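K.L.:
generate coordinates for the sequence data below:
(2 chains)
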Amino acid sequence: MSTLFDTLSQPWPWYVAGPSLGILVGLLLLLTGKGFGVSSSFQHICAAVFPGRAEYFRYDWKRVGLWNLVFVFGMLAGGFVAGWLFANPEPVAISRASHEALAALGIRDFDGLVPDDLIGWGALASLPGFVAIVIGGFLVGFGARWAGGCTSGHAITGLAGLQKASLVAVIGFFAGGLIITHLVLPVLLG
Amino acid sequence: MSEPTTLHPEAVAETGGARPTQLLVYFVFGALFGIVLVKSEAVSWFRIQEMFRFQSFHMYGILGSGVVTASALVALFRRLGVRTADGHEVRIEARTWRPYANILGGLTFGLGWGLLGACPGPVYTLLGTGVTVMVVALATALAGAWSYGQLKSRLPHG
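P.N.:
Numbers count the residues shown, from 1 in each chain, chains lettered A, B, ... in the order given. A predicted model of the protein is given here:
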């Protein structure tokens, strides 16, 4: 039984995970006509719960977005199955260079999928944790809706459809991530 | 989704909330995506940091092979003349070209992605894996999306 668990809890190499993702994108399109996209769920939740007066949230969210809300709930359930029931007991096997660079920034917890000392309840009260979780989350929601999509809609689905808008957005995604990683984190975590 | 009213009537009918079997299909697809995101470790803050430091091919391999596979599969469906369940041609929806919104929104998103180490899909999926603090990130992401909705007319879109 333990060998079966070991097999199921193993992470996948990129050449298994990437094509699996691509096949799911294709099958979703074929079977439902829907494009893989996650951040529109934020718009639908706002439209459902607190639309306010903004035209952006005034539409029939059930008709347009219910599928997407069920879909992201499924993503949560998938996380439970693969990341909780069959959680990989080993730390994420990042490169030695990354491990050293992150340790030099003060990261101590290399267990699990995220470092608890930055992305955890205990870190929320500290400045780095607050900025990473609260400000980071806000910018993700604001930016994704402004850009018209996130990693799923632009970087995967949009690029697969050779969309110019997606290419430009993805360049923006990486520019932002590089600024944070190389200019902001050394100061924030220093 | 910024102009939901322009959706095809058939497509709209298909998304109707009164069809539990259809919704189950979306749930299953979501779960499969969530499983792949965990298995690929694309939900991991560590992998995102490694990617932005160019210290591994892992994330680039996932994104690159995922995009190529999806693109090839859609091309194959079209060549074979396969149609969606409701009779439409299989195609990836065009994304509206709005240069200022795409680049400035993209940059804003990237700053958030770098800080949080998770994009929207992983926010949901990490919640399921037990990283419960992601409920805070989800709440502030909703606040971000809501703020964008209020400010939309005053932001450059191009």
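
K.L.:
for residue A:50, give me its contacts.
P.N.:
A:57, B:146 (C-beta atoms under 8 Å, 6 or more residues apart in numbering or on different chains). Every C-beta, even on glycine, is put in place using the N, C-alpha and C of the backbone.

K.L.:
how near is the residue nearest the centre of chain B to residue A:46?
P.N.:
By C-alpha atoms, centre = their mean, chain B has its centre lying nearest to residue B:121, at 6.3 Å. Distance, residue B:121 to residue A:46, using C-beta to C-beta, to the nearest Å: 18 Å.

K.L.:
what about residue A:189, how many residues nearby?
P.N.:
When neighbours are counted by other C-beta atoms under 10 Å in any protein chain shown, residue A:189 registers 17.

K.L.:
so where is chain A shaky, pLDDT-wise?
P.N.:
A:1-2 (pLDDT under 70).

K.L.:
how about the helices of it, start to end?
P.N.:
Counting by DSSP state H, chain A has helices at residues A:2-9, A:14-32, A:40-49, A:61-80, A:96-104, A:127-130, A:136-147, A:159-160, A:164-179, A:185-188.

K.L.:
list the buried residues in the first one.
P.N.:
Spelled out, it's helix A:2-9. Buried residues in helix A:2-9, defined by neighbour count with 16 or more other C-beta atoms under 10 Å in any protein chain shown: residue A:9.

K.L.:
regarding chain B, what is its longest helix?
P.N.:
Of all segments of type helix in chain B, defined using DSSP H, the longest is helix B:58-79.

K.L.:
what packs against that one?
P.N.:
Applying 3 or more C-beta pairs under 8 Å, 6 or more residues apart in numbering or on different chains; DSSP states H and E, we find helix B:58-79 packed against helix A:14-32, helix A:159-160, helix B:45-52.

K.L.:
can you rerun that using 6 Å?
P.N.:
Packing partners of helix B:58-79 (3 or more C-beta pairs under 6 Å, 6 or more residues apart in numbering or on different chains; DSSP states H and E): helix A:14-32, helix A:159-160.

K.L.:
let me know the angle separating the first one from helix A:61-80.
P.N.:
So that's helix A:14-32. Orientation check (axes from the mean of the first three to the mean of the last three C-alpha atoms, to 10 degrees): helix A:14-32 against helix A:61-80 gives 150 degrees.

K.L.:
and helix A:14-32, what's buried?
P.N.:
Of the residues in helix A:14-32, A:14, A:17-26, A:28-30, A:32 count as buried by neighbour count, 16+ other C-beta under 10 Å.

K.L.:
other SSEs contacting that helix?
P.N.:
When contacts are defined as 3+ C-beta pairs under 6 Å, 6+ apart, helix A:14-32 sits against helix B:20-39, helix B:58-79.

K.L.:
now with 10 Å?
P.N.:
On a contact count with 3 or more C-beta pairs under 10 Å, 6 or more residues apart in numbering or on different chains; DSSP states H and E, helix A:14-32 meets helix A:61-80, helix A:159-160, helix B:20-39, helix B:58-79.

K.L.:
of these, which is nearest residue A:152?
P.N.:
Minimum separation from residue A:152 across the helices and strands packed on helix A:14-32 (C-beta to C-beta) falls at helix B:20-39, 8.2 Å.

K.L.:
ok now the closest one, how far from the chain's centre?
P.N.:
13 Å (C-alpha atoms, centre = their mean, to the nearest Å).

K.L.:
ok, stretch A:115-126 next?
P.N.:
With C-alpha atoms, centre = their mean as the basis, stretch A:115-126 stands 18 Å off its chain's centre.

K.L.:
who's in contact with that stretch?
P.N.:
Stretch A:115-126 is contacted from outside by A:102, A:105-110, A:112-114, A:128-134, A:136, A:185, A:188-189, B:44-46, B:49, B:115-118, B:126, B:131-137, using C-beta atoms under 10 Å, 6 or more residues apart in numbering or on different chains.

K.L.:
going through the residues you listed, which ones are buried?
P.N.:
Listed as buried from the contacts of stretch A:115-126 are A:102, A:105, A:107, A:112-114, A:128-129, A:131-134, A:136, A:185, A:188-189, B:44-46, B:49, B:115-118, B:126, B:131, B:133-134, B:136-137; burial here means 16+ other C-beta under 10 Å.
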